[in-house]
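Trainee: Coordinates only, no sequence provided:
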């Protein structure tokens, strides 16, 4: 993996949309039928991995939000208390959303840049479902889905990217337009309809029909590598124009993260972005980028409350976030 990719990529995900033949889409599905096939899919997948089932209507708001922060479920699924469910394996690298927009949305998430590995992992899940469940499929169109852009392979290949230099330079709008013209979508941290937070974007294919799984993975990978190279070029350009200013900004942010008593979510994102830029520039050492990227998820509101074991208000969360940063960040960085 080249340096620009290692600095910018957070995770890779393959998602497959599937529907059961002869059944109405989830928004028109009755509860008895829905939970009947949920149980069947759970039984099928237990033979491939150790999955735990979570019924959305039985989760509290903090648990739902924590799942969203980890990208195990979508914001849309959190709203389906009636018949929504998710199956998650032990290391949370596989999740299967049930009765979101489609009956079944399988996904595999792997650390850093490896869409091929994510695809290999999800294929085991998909093969088990295909071999045991009658799916809605057309010989000409492929897998039939609720959204036309997913018809075909039903695949969405996406990569989570950290792009602060391109964002701060104002270059992202033009790049997003260019990617749109080659059928690539750029979305915020939580996918469709979300905004970029902490300079984090998801890049994925826009359409599935007419492309093989391998072509989709290849096309997304090429777009990601190009973005990573552009981010590195822009980062080096900005730094060369003001080395003293950028070094001071980065080191101040590191100092805040490792010493602050109160730390809001927004300030954390800004300071953390500076630290990651410092790592990319070689001003701050870090031997494990995966741990550094995981640290970001740990600091999000719902996951903080899960660690605390109780629901706490915003001020209490900000104090807890600062405490967690003081105690743990230097353990990840080479200090």
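Mentor: Everything's here; your move. This structure is a prediction, so every number in the text was calculated from the model and none was measured. Residues are numbered from 1 along each chain as shown.
Trainee: isn't residue 33 right next to residue 25, touching?
Mentor: No: applying CB atoms under 8 Å, one finds residue 33 not in contact with residue 25, separated by 11.9 Å. All C-beta atoms are positioned from the backbone trio N, CA, C, and that covers glycine.
Trainee: State the distance from the residue lying closest to residue 253 once chain neighbours are set aside to residue 267.
Mentor: The shortest distance from residue 253 to any non-neighbouring residue, by CB to CB, 6 or more residues apart in numbering, is to residue 274 (3.6 Å). In this view, residue 274 and residue 267 are 11 Å apart by CB to CB, to the nearest Å.
Trainee: With neighbour numbers in mind, choose between these two.
Mentor: Neighbour count, other CB atoms under 10 Å: between residue 274 and residue 267, residue 274 has more, with 21 against 17.
Trainee: Which element, helix or strand, includes that one?
Mentor: helix 265-281 (DSSP states H and E).
Trainee: Show me what that helix packs onto, helices and strands only.
Mentor: Applying 3 or more CB pairs under 8 Å, 6 or more residues apart in numbering; DSSP states H and E, we find helix 265-281 packed against helix 3-8, helix 164-168, helix 213-241, helix 243-257, helix 289-298, helix 314-332.
Trainee: try it again with 7 Å
Mentor: Under the contact criterion of 3 or more CB pairs under 7 Å, 6 or more residues apart in numbering; DSSP states H and E, helix 265-281 touches helix 213-241, helix 243-257.
Trainee: Single out the most deeply packed of the ones you listed.
Mentor: helix 213-241 (a mean of 18; mean count of other CB atoms under 10 Å).
Trainee: What's the mean pLDDT across that one?
Mentor: When pLDDT is averaged along helix 213-241, the result is 96.
Trainee: How about residue 142: which residues does it bridge to?
Mentor: residue 138 (DSSP bridges).
Trainee: Now do the helices in the stretch 1-150 of the chain.
Mentor: Remark: helices assigned in the stretch 1-150 of the chain by DSSP state H, counting those that start in this stretch are 3-8, 31-45, 61-69, 75-78, 115-132.
Trainee: Name the stretch from those where average model confidence is lowest.
Mentor: In terms of average pLDDT, helix 3-8 trails the rest of the helices of the stretch 1-150 of the chain, at a mean of 90.
Trainee: Check the offset of it from the chain's centre.
Mentor: 17 Å (CA atoms, centre = their mean, to the nearest Å).
Trainee: what packs against it?
Mentor: Looks like helix 3-8 contacts helix 213-241 (3+ CB pairs under 7 Å, 6+ apart).
Trainee: domains of this protein?
Mentor: Annotated domains of the chain cover 3-232, 242-334 [automatic domain parsing].
Trainee: of all these, which gets the most neighbours per residue?
Mentor: It is domain 3-232: most buried of the domains of the chain by mean count of other CB under 10 Å, with a mean of 18.
Trainee: Residue 159 and residue 226, how far apart?
Mentor: Taking CB to CB, one finds residue 159 at 12 Å from residue 226.
Trainee: which phi and psi does residue 202 have?
Mentor: phi -110, psi 130 (degrees, to the nearest 10).
Trainee: So what pairs up with it in the strands?
Mentor: Those that pair with residue 202 in a beta bridge, by DSSP bridges, are residue 160, residue 187.
Trainee: From residue 157, how far out is it?
Mentor: 11 Å.
Trainee: where does residue 191 land on pLDDT?
Mentor: 59.
Trainee: oh sorry, the question was meant for residue 311
Mentor: 89.
Trainee: for the one 4 residues further on, same thing?
Mentor: Looking at residue 315, its pLDDT is 96.
Trainee: mind checking the SS state of residue 209?
Mentor: coil (DSSP: H, G, I helix; E, B strand; the rest coil).
Trainee: Nearest spatial neighbour of it, chain-adjacent residues omitted?
Mentor: residue 152 (3.5 Å).
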